[in-house]
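Asker: no sequence for this one, just the structure:
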DNA sequence: GTAAGATTCTACTCAACAGTAACTTATGGT
DNA sequence: ACCATAAGTTACTGTTGAGTAGAATCTTAC
């Protein structure tokens, strides 16, 4: 989860191969989770056996149990890893300056980038029923926290009249839906970068389909304040 | 699939209970598919055994095999049943009058209503990997047909300048995403009707977050031409 | 070098569930 | 009345895959 160590960006199996064995426990655990996320994304949770994941890592099944309690918890960790960046974006927005719309714009951007990550599937497509009552409730709580955050930003924007929507609740669902869906179609390394997608979505969600009325340029003062989220050291 | 016979609206098990046995084959088959869709929605595909579905219908497992070939095909039928209304909406839009935006508005509305149906889950959350290569490809083809339809409407709208988006492809994804997500949160019989949701989404997707510039009222000539889709005879 | 502990492996158990075989019962046409 | 067939049942098989016990192997500290 701590995306800090090098060499976890490309091939997770590298955490084993070549290196000496008594290797940083955390790094390997992250590799397990990361590989699981990728496998779930490709084949779905139930069509992925722990043997599959083990094989992808070049180890055997019991090794996985050395790092996580069971398959359920593995899925849970994927959720957490994916959800965290979005929660961080919302926390940042809470104490940022600017109109509601400016701040929401930032969140939408970071949200889109997060969903296009390798954990996108887990956040969006994984079924809560696959987690027991306990963990399922935790995930639901986190998701609902995100939902409330977006609604709050919408409300701010409505109050300072930088945003106009009829129903903030449904608007939040529409925004989250458009963004979450990215996980269904986006594949890394095809034509579009995560940032390009994010910018396009910011654009669309702000203005919708209708042409903007000529004249009365809308206040794009801060544009997208390109705070390129600190990229983790690659390689 | 043929939503024509009475008594399939409420409880599908009613197709068996009380009635004599030599009963309309098609009706019962529909009841099987409908019940499967509901169960998949509630517990997910893999957490639903055929015994579960059989129990919900008040029959035993082999009876299900009497109506469908296997579990995979059962899921496939749910896909078809759900996707069809959306394809129909697109077909209607193809030969409708009005601007691209007017026609897209109709499609968005009907799409939203369809996704809020009991087949919403199958269309949106079911994994293609759970269908074999054959059926999976068919579903993918249908979905891509829908995607192309939306893009075409967007392009019409751009041409007649009733729509302004930078990238029609991404706009189509955003629209589909917002709509598809409805399947994740909408539950029938809570506060909002399908139509209310649909209208709110039409509204939001047309105008986005930004307040409309005062003056220059936008051309809402046809509004939502409330062609209340023919409701099937209920009970 | 060697003991202690950390890490990974081989070789299982056990339950769930899709799918089937073969038998039973109701129904409608003749 | 009777039989051909539609509709359903009970009771199984076979496989898959999560999870575990316990042995084997590596690493580091001393």
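Answerer: Alright, I've got the coordinates. Everything numeric here is computed off the predicted structure, so don't read it as measured data.

Asker: count the neighbours of the residue nearest to residue A:127 when sequence neighbours are not counted for me.
Answerer: Excluding its sequence neighbours, the residue lying closest to residue A:127 (Cβ to Cβ, 6 or more residues apart in numbering or on different chains) is residue B:44, at 4.4 Å. C-beta here means a position set from N, CA and C on the backbone, and glycine is covered the same way. By the measure other Cβ atoms under 10 Å in any protein chain shown, the count of residues near residue B:44 is 20.

Asker: from DNA strand D, how far out is residue B:44?
Answerer: According to Cβ to the nearest atom of the strand, to the nearest Å, residue B:44 stands 15 Å off from DNA strand D.

Asker: ditto for residue A:100
Answerer: 44 Å.

Asker: same question, residue A:128
Answerer: Where DNA strand D is concerned, residue A:128 sits at a distance of 17 Å (Cβ to the nearest atom of the strand).

Asker: need the contact list for that residue.
Answerer: A:136, A:139, A:140 (Cβ atoms under 8 Å, 6 or more residues apart in numbering or on different chains).

Asker: tell me which element the last one is part of?
Answerer: Pointing back at residue A:140 there. helix A:133-159 (DSSP states H and E).

Asker: is any residue of that helix near chain B?
Answerer: Yes: counting by Cβ under 8 Å from any Cβ of the partner chain, chain B has neighbours in helix A:133-159: A:154, A:157.

Asker: which other helices and strands contact that helix?
Answerer: helix A:71-94, helix A:100-115, helix A:168-180 (3 or more Cβ pairs under 8 Å, 6 or more residues apart in numbering or on different chains; DSSP states H and E).

Asker: give me that answer again for 10 Å
Answerer: helix A:71-94, helix A:100-115, helix A:120-124, helix A:168-180 (3 or more Cβ pairs under 10 Å, 6 or more residues apart in numbering or on different chains; DSSP states H and E).

Asker: for the last one, buried residues please.
Answerer: When neighbours are counted by 16 or more other Cβ atoms under 10 Å in any protein chain shown, the buried residues of helix A:168-180 are found to be A:168, A:170, A:171, A:172, A:173, A:174, A:175, A:176, A:177, A:178, A:179, A:180.

Asker: pLDDT and distance to residue A:204 added to these, as CSV?
Answerer: Converted to CSV, the buried residues of helix A:168-180 look like this (pLDDT from 0 to 100; distance: Cβ to Cβ, whole Å):
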residue, pLDDT, distance to residue A:204
A:168, 97, 18
A:170, 97, 17
A:171, 98, 14
A:172, 98, 16
A:173, 98, 16
A:174, 98, 11
A:175, 98, 10
A:176, 98, 14
A:177, 98, 13
A:178, 98, 8
A:179, 98, 11
A:180, 98, 15
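
Asker: returning to what we had before: my guess is the residue nearest to residue A:127 contacts residue A:46. True?
Answerer: Yes: with contact defined as Cβ atoms under 10 Å, residue B:44 counts as touching residue A:46 (8.3 Å).

Asker: shared neighbours of those two, which are they?
Answerer: A:127, A:130, B:127 (Cβ atoms under 10 Å, 6 or more residues apart in numbering or on different chains).

Asker: now render the contacts of residue A:128 as JSON lines, adding pLDDT, distance to residue B:77 and neighbour count.
Answerer: JSON lines is the format used below for those (pLDDT from 0 to 100; distance: Cβ to Cβ, whole Å; neighbours: other Cβ atoms under 10 Å in any protein chain shown):
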{"residue": "A:136", "pLDDT": "96", "distance to residue B:77": "29", "neighbour count": "17"}
{"residue": "A:139", "pLDDT": "97", "distance to residue B:77": "30", "neighbour count": "19"}
{"residue": "A:140", "pLDDT": "97", "distance to residue B:77": "30", "neighbour count": "12"}
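
Asker: from these, which is closest to DNA strand C?
Answerer: residue A:136 (17.0 Å; Cβ to the nearest atom of the strand).

Asker: not counting sequence-adjacent ones, nearest residue to the closest one?
Answerer: residue A:128 (4.7 Å).

Asker: for residue A:33, see how far away the one you found is.
Answerer: 18 Å (Cβ to Cβ, to the nearest Å).

Asker: residue A:12 too?
Answerer: Residue A:12 is 9 Å from residue A:33, by Cβ to Cβ.

Asker: could you do residue A:56 as well?
Answerer: In terms of Cβ to Cβ, residue A:56 sits 12 Å off from residue A:33.

Asker: now do the shared contacts for those two.
Answerer: Joint contacts of residue A:56 and residue A:33 (Cβ under 10 Å, 6+ apart) are residue A:12.

Asker: who has more neighbours, those two?
Answerer: residue A:33 (25 against 19).

Asker: pretty sure that one is touching residue A:78, no?
Answerer: Yes: shown here, residue A:33 and residue A:78 form a contact pair, counting by Cβ under 10 Å, at 6.0 Å.

Asker: overlap in contacts of those two?
Answerer: Counting by Cβ under 10 Å, 6+ apart, the residues touching both residue A:33 and residue A:78 are A:119, A:122.

Asker: looking at the shared contacts of residue B:44 and residue A:46, spot the one nearest residue A:154.
Answerer: residue A:127 (27.7 Å; Cβ to Cβ).

Asker: burial measure for that closest one, as a count.
Answerer: Residue A:127 has 19 nearby residues by other Cβ under 10 Å.

Asker: hang on, isn't it packed against residue A:45?
Answerer: Yes: contact criterion Cβ under 10 Å: residue A:127 and residue A:45 qualify, at 7.3 Å.

Asker: where's residue A:32, which helix or strand?
Answerer: helix A:25-43.

Asker: helices and strands around that helix, which ones?
Answerer: Short answer (3+ Cβ pairs under 10 Å, 6+ apart): helix A:25-43 packs on helix A:50-57, helix A:61-67, helix A:71-94, helix A:120-124.

Asker: looking at these, which is closest to DNA strand C?
Answerer: Checking the helices and strands packed on helix A:25-43 against DNA strand C by Cβ to the nearest atom of the strand gives helix A:61-67 as the closest, at 3.2 Å.

Asker: check what pLDDT residue A:8 gets.
Answerer: Residue A:8 carries a pLDDT score of 45 in this model.

Asker: now do the domain split for chain A, please.
Answerer: For chain A, automatic domain parsing gives the domain ranges A:12-68, A:80-207.

Asker: most tightly surrounded among those?
Answerer: domain A:80-207 (a mean of 19; mean count of other Cβ atoms under 10 Å in any protein chain shown).

Asker: got the end-to-end distance for it?
Answerer: 32 Å (Cα to Cα, to the nearest Å).

Asker: how much space separates the residue nearest to the spatial centre of chain A from residue A:173?
Answerer: Chain A has residue A:114 as the residue nearest its centroid, 3.2 Å off, counting by Cα atoms, centre = their mean. Distance, residue A:114 to residue A:173, by Cβ to Cβ: 18 Å.

Asker: picking up where we left off before, what average pLDDT does the helix holding residue A:32 get?
Answerer: 95.

Asker: any residue of it touching DNA strand C?
Answerer: Yes: under the criterion of Cβ under 7 Å from any atom of the strand, helix A:25-43 makes contact with DNA strand C via A:25, A:28.

Asker: next, the angle from that helix to helix A:50-57.
Answerer: When axes from the mean of the first three to the mean of the last three Cα atoms, to 10 degrees is applied, the directions of helix A:25-43 and helix A:50-57 differ by 120 degrees.
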